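Undergrad: build the 3D model from these lines:
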Amino acid sequence: MATANSTVGLRGPGTIIKKASGWLIGMAVVFILLGMLAIIEPGVAGLAVTILVGWLLIFGGVAHLVAAFGGGGAGRVIWQVLIGILYVLGGIYFLTHPLLALGTLTLLLAVIILMEAAFEVIAYFRTRREGGSGWLLVNALITLLLGGLIWFHWPSSSVWAIGTLVGVNLLMTGISRLMVGLAARKLMSHVAA
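TA: Numbering: from 1, shown residues only. Have a look, this model is predicted:
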């Protein structure tokens, strides 16, 4: 009877980390490129987000309609069907009128950002005696400025707001993944040496 070596077929941790860091760096490059494209063409990126939201609403609506008939009484079924229909109709609206839907999303984004600024101001006043609380106020003022900029320039801000913010998010995600991948490679080269 032969005994199996527990390490046969397993790769060393260095190989696994090198492969994982390669994937991280590859994904980082894709995120950075997509982020740059979204910043360069924010209107196209905004429309892409709108179409994505439309499809997500339709899939969510279908899921509600399917879940409606999973039991739970007539009241639950009625509410699930109504919510499912509302989601599907919203998704169809987003897909058939993407420019209007982009305007709607942009206005909703402005409201959310302005509400975030208000909460940041409240958080500042509740913690103003703590160290570093001034950064909450700085964040609140910048957030208020951004939300106000989107709100007061609406509907023309629909062309740039969502696409630019998505682009910045993709760019920052790519940069952070790149730094993690490079740090992993650097760590492995130090360990191997």
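Undergrad: neighbours of L114, how many?
TA: L114 sits with 17 neighbouring residues when counted by other Cβ atoms under 10 Å. C-beta coordinates here come from the backbone N, C-alpha and C atoms, glycine included.
Undergrad: which strands and helices sit next to the longest helix anywhere in the chain?
TA: Determined from DSSP state H, the single longest helix within the chain is helix 161-192. Contact analysis of helix 161-192 by 3 or more Cβ pairs under 8 Å, 6 or more residues apart in numbering; DSSP states H and E lists helix 13-40, helix 42-68, helix 98-127 as its packing neighbours.
Undergrad: least reliable of these going by mean pLDDT?
TA: Taking the mean pLDDT of each of the helices and strands packed on helix 161-192, the lowest value is held by helix 13-40, a mean of 84.
Undergrad: got the buried residues for that helix?
TA: By 16 or more other Cβ atoms under 10 Å, the buried positions in helix 13-40 come out as 17-18, 21, 24-25, 28, 31-32, 34-35, 37-39.
Undergrad: closest to L178 among the residues you listed?
TA: A28 (3.6 Å; Cβ to Cβ).
Undergrad: the closest one against L171, yeah?
TA: No. Counting by Cβ atoms under 8 Å, L171 is not a contact partner of A28; they are 10.3 Å apart.
Undergrad: residues contacting the closest residue in space to A140 that isn't next to it in sequence?
TA: Spatial nearest neighbour of A140, excluding adjacent residues (Cβ to Cβ, 6 or more residues apart in numbering): E120 at 3.4 Å. By Cβ atoms under 8 Å, 6 or more residues apart in numbering, the contact list for E120 reads L136, L137, N139, A140, T143.
Undergrad: tell me the pLDDT at the first one?
TA: Read that as L136. In this prediction L136 is given a pLDDT of 81.
Undergrad: show me the contacts for the closest residue in space to it that isn't next to it in sequence.
TA: Nearest residue to L136, sequence neighbours excluded (Cβ to Cβ, 6+ apart): Y124, at 4.1 Å. Applying Cβ under 8 Å, 6+ apart, we find Y124 in contact with S133, G134, L136, L137, A140.
Undergrad: go with 10 Å
TA: E130, S133, G134, W135, L136, L137, V138, N139, A140, L141 (Cβ atoms under 10 Å, 6 or more residues apart in numbering).
Undergrad: same thing with H64?
TA: By Cβ under 10 Å, 6+ apart, the residues touching H64 are W79, Q80, V81, L82, I83, G84, I85, L86, Y87, V88.
Undergrad: closest to V166 among the residues you listed?
TA: Y87 (22.1 Å).
Undergrad: what about that closest one, distance to L102?
TA: Between Y87 and L102 the computed distance is 19 Å (Cβ to Cβ, to the nearest Å).
Undergrad: same deal with L82?
TA: Distance check for L82 against L102: by Cβ to Cβ, it reads 26 Å.
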